[in-house]
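Fold the following for me, if possible:
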Amino acid sequence: MRDLDLTTLRLFVATCESGSIARAAERAHLVGSAVSKRLGQLEQQLGTPLLARRRHGVVPTPAGQTLLEHARILLDGAGRLAQDMAGYAAGARGQVRILASVSALSESLADDVAAFLQQPAHQAIQVDIEERVSPEIVRGVREGQAALGVCWDAADLGTLQSRPYRHDHLVLVVPPRHPLARRKRVRFAEALAYEHVSLPVNTAVQVMLQRQAAQLGQPLRHRVVVSNFEAALRVVRAGLAVSVVPREVAQQQAVADGLPLVALDEPWAQRRFVVCLRDEAGLSPAAQVLLAHLVARGRARG
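Numbering: from 1, shown residues only. Coordinates of the predicted model:
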């Protein structure tokens, strides 16, 4: 099979999204016959029908739906490539992509990267950050999707190298009138007596809490599942449940909302984060400088 043409893929995606060859042609400032010819050639190239005619337009066939999913990924990657190369053409000295966990990004990484970019020597470096769960961070760095990853050191890093970054402390946040509100410290087993606000099942915090509950032989009862810590705090503030969150994330909002933070008397409640990478010697100069900056920031904060 010959290499797929990105322009044709863009026209195919536009046709699927608009449901009409004519509208896709109008978007691309082409005549409909030109778009129709390209799509016909694409079907010949792939050896299968990609679009089914309907009374008021077209819809992707099962093969077309599969191509649509892959085409969006390919076009997104091409867009990133163009953006990165444009930075070099404009005189930028480097571009670094980071994959980071929600905890790292919520607590310190954004501030640390901002401090890095504010230094005059680094103003020609571009840093892109994308939030991922820990297994995806490890896979992304290993496969070369990003130069650096920031995640909990309990993640299975495999063959990746790592450098120490920061640490945080997991606490139990409870409504003001909750039975545990006046406690200074609690064991996790005590917290399991109450319903929890949880993060998605594949996040590092949730995987660890499920594992600890299983070791205690108790269920972790989910009343609400949310996508981030801010939403978890809102649910706790409403009095619906308790939640385990990093103290470094919750402190400011908890004080403002009068939410008690109760320390978890567990050895795993203090977490350490690392910066993971494939090989420091293989990093670009910009990535090496950023890595050194993140490690130094973590060391400065103890």
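
make it CA atoms for all contacts and neighbour counts henceforth
Will do.

where's Leu30 relative to Leu9, distance?
Applying C-alpha to C-alpha, to the nearest Å, the value for Leu30 to Leu9 is 15 Å.

who has more neighbours, these two?
Counted by other C-alpha atoms under 10 Å, Leu30 and Leu9 do not tie: Leu9 has more neighbours, with 21 against 13.

Show me the longest helix that occurs in this protein.
helix 62-89 (DSSP state H).

which element follows the helix or strand hosting Val255 toward the C-terminus?
Taking DSSP states H and E as the criterion, Val255 maps to helix 247-257. Heading C-terminal from helix 247-257, the first helix or strand you meet, by DSSP H and E, is strand 261-264.

partner strands of that following strand, parallel or antiparallel?
In the sheet, strand 261-264 lines up against strand 161-173 (antiparallel), strand 185-186 (parallel) (DSSP bridges).

Relative to Ala154, which of those is closest?
Ala154 lies closest to strand 161-173 among the strands paired with strand 261-264, at 11.7 Å (C-alpha to C-alpha).

So which residues make contact with the helix holding Val255?
The contact list for helix 247-257 (C-alpha atoms under 8 Å, 6 or more residues apart in numbering) reads 103, 106-107, 168-171, 173, 229-230, 233, 237, 260-261.

relative to strand 161-173, how tilted is it?
Orientation check (axes from the mean of the first three to the mean of the last three C-alpha atoms, to 10 degrees): helix 247-257 against strand 161-173 gives 30 degrees.

Return the set of buried residues in helix 247-257.
Going by neighbour count (16 or more other C-alpha atoms under 10 Å), the buried part of helix 247-257 is Arg247, Glu248, Val249, Ala250, Gln251, Ala254.

same thing with stretch 144-162?
Those would be Ala146, Ala147, Leu148, Gly149, Val150, Cys151, Trp152, Asp153, Leu157, Ser162, for stretch 144-162 by 16+ other C-alpha under 10 Å.

And for stretch 295-302?
Val295, Arg297, Gly298.

so of those, which ones are in helices?
Val295, Arg297, Gly298.

got the contact list for the second one?
So that's Arg297. Residues Asp112, Tyr165 are the ones in contact with Arg297 under the rule C-alpha under 8 Å, 6+ apart.

swap the cut-off to 10 Å and go again
Contacts for Arg297 (C-alpha atoms under 10 Å, 6 or more residues apart in numbering) come out as Ser108, Leu109, Asp112, Val113, Ala115, Phe116, Tyr165, Arg166, Leu291.

ok, so of the ones in helices among the buried residues of stretch 295-302, who is nearest Val197?
Nearest to Val197 among these, with distances taken as C-alpha to C-alpha, is Gly298, at 29.3 Å.

Which residues lie in contact with that closest one in this structure?
Ser108, Leu109, Asp112, Pro164, Tyr165, Arg166, His167, Phe273, Val274.

secondary structure class for the first one?
Pointing back at Ser108 there. helix (DSSP: H, G, I helix; E, B strand; the rest coil).

That one touches Arg166, doesn't it?
Yes - contact between Ser108 and Arg166 holds when scored by C-alpha atoms under 10 Å: they sit 8.3 Å apart.

Need the overlap of contacts for these two.
Leu294, Arg297, Gly298.

Switch the residues you listed over to a markdown table; also include pLDDT and distance to Leu283.
Putting those into a markdown table (pLDDT from 0 to 100; distance: C-alpha to C-alpha, whole Å) gives the following:
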| residue | pLDDT | distance to Leu283 |
| --- | --- | --- |
| Leu294 | 96 | 15 |
| Arg297 | 93 | 19 |
| Gly298 | 91 | 20 |
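
a markdown table for those, including distance to Phe188?
Below are the shared contacts of Ser108 and Arg166 laid out as a markdown table (distance: C-alpha to C-alpha, whole Å):
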| residue | distance to Phe188 |
| --- | --- |
| Leu294 | 32 |
| Arg297 | 31 |
| Gly298 | 28 |
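
quick one, strands of the stretch 101-250 of the chain?
All strands of the stretch 101-250 of the chain, identified by DSSP state E, counting those that start in this stretch, fall at 125-131, 148-152, 161-173, 185-186, 196-198, 222-225, 243-246.

Tell me which of the ones you listed is the most buried.
Ranked by mean neighbour count, these are led by strand 148-152 with a mean of 28 (mean count of other C-alpha atoms under 10 Å).

what's that one packed up against?
Where contact means 3 or more C-alpha pairs under 10 Å, 6 or more residues apart in numbering; DSSP states H and E, strand 148-152 is packed against strand 94-100, helix 102-104, strand 125-131, helix 134-142, strand 161-173, helix 204-216, strand 270-277, helix 285-300.

so which of those gets nearest Leu50?
So among these, helix 134-142 is nearest, using C-alpha to C-alpha, at 30.7 Å.
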